[in-house]
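In: Using only what follows, build the 3D model:
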Amino acid sequence: MMSPAANRPPARSRRKPRSEPSADHSELLAYYREMLLIRRFEERAARSYTEAAIGGYCHLNLGEEATVVGLMSALARDDYLFTNYREHGYALARGIDAGRVMAELYGRRDGVSKGWGGSMHLFDAQSRLLGGYGIVGGQLPLATGAALAIAYRGDHEVVMCHMGDGTTNIGAFHESLNLAALWRLPIVYVVVNNQLGMGTSVEKSSAEPELYKRAAAYRLQGERVDGDDVLAVREAATRAIAAAREGRPCLLETMSSRLRGHSVVDPAAYRTKDEIAALRASDPVLALGDRLLRIGALTVASQQELDESVVAEVQAAVNFAEASPAPDVGTLFDYNYATPVPNDLERLPAQPLFGAVGA
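Out: Residues are numbered from 1 along each chain as shown. Below is the predicted model of the structure:
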């Protein structure tokens, strides 16, 4: 049996050097606040899960905040986003109210999916977040189909399809990239490479661990970027989106490590103490805060005040979620189909198929 040490993620030596900030102070501060909101929201979600206020599965964006904000800052408001199940931060960065996101995690009626989706299935048509998907790679064919619809109509929008590194080994990944290249679809596929498919390192599961290079098989543009640098991610995503808008789909790989386990119940025992220390030392939220202090955009006092305001916003989201009622069981089938379908089954679990029990 392979030891956990033999299967741990590789050193982060392949990362490109970080770029220096090339944005004005107000822009950097806005990115920092957004990253801080995601950090505090996810920390609170983890706590709520341990308190049994959140059920089911729960996967956090802790450590990936720079990637999340960088990607979303490049995406236009009328562009579309498809994600996997690690999507809370994307919903917040897409502009969805934190209370509605938290209410969905709590399974409440005022959540973005009316309380029926939970952590892995956030959906908001108004912000064009067309779902988190619990099945690995389940979003790829749908995102590719949405891009085909845009191309068919001759519209200007772009689809961004977000996934984890493990998704690049399934058939739908290759099928989707192949069709996107053949039909010149307006789509950007984004692989957030946290170097671990659950507990297995990319090197142990992928013959080509530099995942952006897989674009070459379909003659697509591929690029790898430092996912801990919000500006580098924004610039790379902006280039990819511009190309996709002209019918040149792209594959973007961001190197961004999660600070905790695969989900809130994963203790991440496969990581050594040295690896955990290295991850904390490269924390993107702390790094951007330090930059802002260094260039005078923040003071210690203003940074503390900003953090307190974000914590208050997250607590307000929790209060909103706790006050929201649970969905009525009678609404379970309300969104099975977009339009009425004859003979649509609406039998609740444990109800007899025909008539009453014993009839």
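In: Could you check how far the spatially most central residue of the chain is from H162?
Out: Against the mean C-alpha coordinate of the chain, by C-alpha atoms, centre = their mean, the closest residue is E87 at 3.4 Å. Spatial separation of E87 from H162 under the definition C-beta to C-beta, to the nearest Å is 8 Å. Every residue, glycine included, has its C-beta placed from N, CA and C.
In: and if you look at E203?
Out: Distance of E203 to H162, computed by C-beta to C-beta: 22 Å.
In: So which of those two has more stuff around it?
Out: In this comparison of E203 against H162, neighbours counted by other C-beta atoms under 10 Å, the higher total goes to H162 at 27 against 13.
In: and the more buried one, what pLDDT?
Out: The per-residue pLDDT reported for H162 equals 97.
In: got it, and H262?
Out: Looking at H262, its pLDDT reads 88.
In: Check which helices and strands the top helix by length along the chain is in contact with.
Out: In the chain, taking DSSP state H as the definition, the longest helix is helix 25-50. In this structure, helix 25-50 packs against helix 65-74, helix 88-93, helix 98-105, helix 230-245, helix 284-294, helix 300-323, with contacts taken as 3 or more C-beta pairs under 8 Å, 6 or more residues apart in numbering; DSSP states H and E.
In: Please report the distance of the residue nearest to the centre of the chain from L211.
Out: From E87 across to L211, the span is 20 Å (C-beta to C-beta).
In: do E305 as well
Out: In this structure, E305 and L211 are separated by 40 Å, where distance is defined by C-beta to C-beta.
In: Between these two, which has more neighbouring residues?
Out: Looking at E305 and L211 with other C-beta under 10 Å, you find the greater number of neighbours at L211, namely 21 against 12.
In: I figured the more buried one hits V191, correct?
Out: Yes - with contact defined as C-beta atoms under 8 Å, L211 and V191 form a contacting pair (5.1 Å).
In: Common neighbours of the two, please.
Out: Common neighbours of L211 and V191, counting by C-beta atoms under 8 Å, 6 or more residues apart in numbering, are 165, 168, 251, 253.
In: Of all pairs in these, which one spans the longest distance?
Out: Across the shared contacts of L211 and V191, the two members that end up farthest from each other (C-beta to C-beta) are D165 and L251, 12.2 Å apart.
In: mind checking how far the closest residue in space to Y337 that isn't next to it in sequence is from G330?
Out: In space, and not counting its chain neighbours, Y337 is closest to D344: 6.6 Å by C-beta to C-beta, 6 or more residues apart in numbering. Distance, D344 to G330, using C-beta to C-beta: 14 Å.
In: ditto for L345
Out: Using C-beta to C-beta, L345 is found at 15 Å from G330.
In: Next, the contact list for M163, please.
Out: Residues 84, 137, 139-140, 173, 189-192 are the ones in contact with M163 under the rule C-beta under 8 Å, 6+ apart.
In: Could you rerun that using 10 Å?
Out: By C-beta atoms under 10 Å, 6 or more residues apart in numbering, M163 lies in contact with 82-84, 86, 133, 136-140, 143, 170, 172-173, 176, 189-193.
In: Same check on R33?
Out: With contacts defined as C-beta under 10 Å, 6+ apart, the neighbours of R33 are 69, 306-307, 309-310, 313.
In: Mind picking the two most distant members of these?
Out: Maximum distance among these (C-beta to C-beta): 17.3 Å, for V69 and S309.
In: Look at those two and report which has more neighbours.
Out: Using other C-beta under 10 Å as the criterion, V69 and S309 rank with V69 on top: 29 against 12.
In: Surely that one is in contact with G95?
Out: No - using C-beta atoms under 10 Å, V69 makes no contact with G95, being 12.0 Å away.
In: Please look at R184 and A151 and confirm they touch.
Out: Yes - judged on C-beta under 10 Å, R184 makes contact with A151 at a distance of 7.2 Å.
In: shared neighbours of these two, anything?
Out: Any residue near both R184 and A151 by C-beta under 10 Å, 6+ apart counts here, and that gives G247.
In: Show me which of the two is the more surrounded one.
Out: Neighbours per residue (other C-beta under 10 Å) separate R184 from A151, with A151 holding more: 18 against 14.
In: the strands in the stretch 101-250 of the chain, which residues?
Out: Remark: strands assigned in the stretch 101-250 of the chain by DSSP state E, counting those that start in this stretch are 129-133, 159-164, 187-193, 196-197, 200-201, 221-226, 250-255.
In: what angle sits between the last one and strand 159-164?
Out: Direction vectors for strand 250-255 and strand 159-164, defined by axes from the mean of the first three to the mean of the last three C-alpha atoms, to 10 degrees, enclose an angle of 40 degrees.
In: For M198, give me the pLDDT.
Out: 84.
In: what's the closest non-adjacent residue to it?
Out: Distance criterion C-beta to C-beta, 6+ apart; nearest residue to M198, sequence neighbours excluded, is H262 at 4.6 Å.
In: So the one you found belongs to a strand, correct?
Out: No - with DSSP: H, G, I helix; E, B strand; the rest coil as the criterion, H262 is assigned coil and is not in a strand.
In: is it true that L142 touches N84?
Out: No - counting by C-beta under 10 Å, L142 sits too far from N84 to count as a contact (11.9 Å).
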